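Novice: got a predicted structure plus its sequence, pasted below:
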Amino acid sequence: MRLHAAFAASNVKSFVFALDRAVQAAEKHIDSVKSLVVAGWDEEVLSVIVVNEYGDVLSIKVKGSFVTVTDQHNLWDEDND
(Lines give C-alpha, C1' and ligand atoms only; values in the text may rest on other atoms or scores of the structure.)
Protein backbone atom coordinates (compact mmCIF):
# COMPACT_ATOMS: atom_id res chain seq x y z
CA MET A 1 0.00 0.00 0.00
CA ARG A 2 2.86 2.42 0.72
CA LEU A 3 4.35 1.85 -2.71
CA HIS A 4 1.00 2.63 -4.35
CA ALA A 5 0.64 5.81 -2.27
CA ALA A 6 4.18 6.91 -3.17
CA PHE A 7 3.48 6.34 -6.87
CA ALA A 8 0.20 8.23 -6.62
CA ALA A 9 1.93 11.16 -4.90
CA SER A 10 4.61 11.21 -7.61
CA ASN A 11 1.94 11.12 -10.31
CA VAL A 12 0.08 14.04 -8.70
CA LYS A 13 3.31 16.06 -8.51
CA SER A 14 3.98 15.38 -12.20
CA PHE A 15 0.43 16.41 -13.11
CA VAL A 16 0.59 19.63 -11.07
CA PHE A 17 3.99 20.51 -12.56
CA ALA A 18 2.70 19.92 -16.10
CA LEU A 19 -0.50 21.88 -15.41
CA ASP A 20 1.54 24.80 -14.05
CA ARG A 21 3.67 24.78 -17.22
CA ALA A 22 0.51 24.73 -19.36
CA VAL A 23 -0.99 27.69 -17.48
CA GLN A 24 2.25 29.67 -17.88
CA ALA A 25 2.29 28.93 -21.62
CA ALA A 26 -1.37 29.92 -21.96
CA GLU A 27 -0.81 33.22 -20.19
CA LYS A 28 2.21 33.92 -22.40
CA HIS A 29 0.47 33.16 -25.71
CA ILE A 30 -3.12 34.33 -25.26
CA ASP A 31 -4.83 37.32 -23.61
CA SER A 32 -7.70 37.02 -21.14
CA VAL A 33 -7.75 33.25 -20.57
CA LYS A 34 -11.34 32.26 -19.85
CA SER A 35 -11.28 28.45 -19.87
CA LEU A 36 -8.59 25.81 -19.55
CA VAL A 37 -9.68 22.21 -20.03
CA VAL A 38 -7.52 19.14 -19.49
CA ALA A 39 -8.04 17.08 -22.64
CA GLY A 40 -5.75 14.23 -21.66
CA TRP A 41 -3.14 12.98 -19.19
CA ASP A 42 -1.16 9.77 -19.51
CA GLU A 43 1.52 10.33 -16.82
CA GLU A 44 3.92 11.61 -19.50
CA VAL A 45 1.98 14.07 -21.65
CA LEU A 46 -0.60 16.61 -20.52
CA SER A 47 -2.90 17.93 -23.25
CA VAL A 48 -4.83 21.13 -22.57
CA ILE A 49 -7.28 23.24 -24.58
CA VAL A 50 -7.41 26.96 -23.74
CA VAL A 51 -10.04 29.49 -24.82
CA ASN A 52 -10.04 33.21 -24.12
CA GLU A 53 -12.94 35.65 -23.93
CA TYR A 54 -12.40 36.58 -27.60
CA GLY A 55 -12.87 32.99 -28.81
CA ASP A 56 -9.20 32.30 -29.56
CA VAL A 57 -8.31 28.63 -29.03
CA LEU A 58 -4.92 27.11 -28.18
CA SER A 59 -3.85 23.51 -27.89
CA ILE A 60 -1.03 22.97 -25.38
CA LYS A 61 0.94 19.79 -24.82
CA VAL A 62 3.42 19.41 -21.96
CA LYS A 63 5.93 16.56 -21.77
CA GLY A 64 8.46 17.03 -19.00
CA SER A 65 9.99 20.46 -19.49
CA PHE A 66 8.92 20.66 -23.16
CA VAL A 67 5.84 22.72 -23.98
CA THR A 68 4.20 22.84 -27.42
CA VAL A 69 1.61 25.53 -28.14
CA THR A 70 -0.53 25.37 -31.29
CA ASP A 71 -3.00 28.05 -32.40
CA GLN A 72 -6.23 26.33 -33.39
CA HIS A 73 -8.71 28.98 -34.59
CA ASN A 74 -11.12 31.61 -33.40
CA LEU A 75 -14.52 30.25 -32.35
CA TRP A 76 -16.33 33.31 -33.65
CA ASP A 77 -14.43 33.76 -36.92
CA GLU A 78 -16.95 33.54 -39.75
CA ASP A 79 -14.38 31.79 -41.98
CA ASN A 80 -14.32 28.79 -39.59
CA ASP A 81 -17.90 27.64 -40.19
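Specialist: That came in fine, so what should we check first?
Novice: enumerate every residue touching residue 34.
Specialist: Neighbouring residues of residue 34 by Cβ atoms under 8 Å, 6 or more residues apart in numbering: 51-53. From N, CA and C alone the C-beta is placed, and that goes for glycine too.
Novice: report the buried members of those residues.
Specialist: Buried subset of these (neighbour count, 16 or more other Cβ atoms under 10 Å): 51-52.
Novice: how about CSV for the contacts of residue 34, with secondary structure added?
Specialist: As requested, the contacts of residue 34 are exported to CSV (DSSP: H, G, I helix; E, B strand; the rest coil):
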residue, secondary structure
51, strand
52, strand
53, coil
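Novice: ok, of the contacts of residue 34, which one's closest to residue 37?
Specialist: residue 51 (8.1 Å; Cβ to Cβ).
Novice: could you check how far the closest residue to that closest one other than its chain neighbours is from residue 75?
Specialist: Leaving aside its chain neighbours, residue 51 sits nearest to residue 35 (4.6 Å; criterion: Cβ to Cβ, 6 or more residues apart in numbering). Distance, residue 35 to residue 75, using Cβ to Cβ, to the nearest Å: 11 Å.
Novice: okay, and the common contacts of these two?
Specialist: Residues touching both residue 35 and residue 75 (Cβ under 8 Å, 6+ apart): residue 51.
Novice: need phi/psi at residue 27.
Specialist: Main-chain dihedrals, residue 27, degrees, to the nearest 10: phi -70, psi -30.
Novice: now swap in residue 31 and tell me
Specialist: Dihedral angles (degrees, to the nearest 10) for residue 31: phi -90, psi 150.
Novice: for the closest residue to it other than its chain neighbours, give its distance to residue 18.
Specialist: Spatial nearest neighbour of residue 31, excluding adjacent residues (Cβ to Cβ, 6+ apart): residue 52 at 6.0 Å. As judged by Cβ to Cβ, residue 52 and residue 18 stand 21 Å apart.
Novice: fine, thanks again, bye for now.
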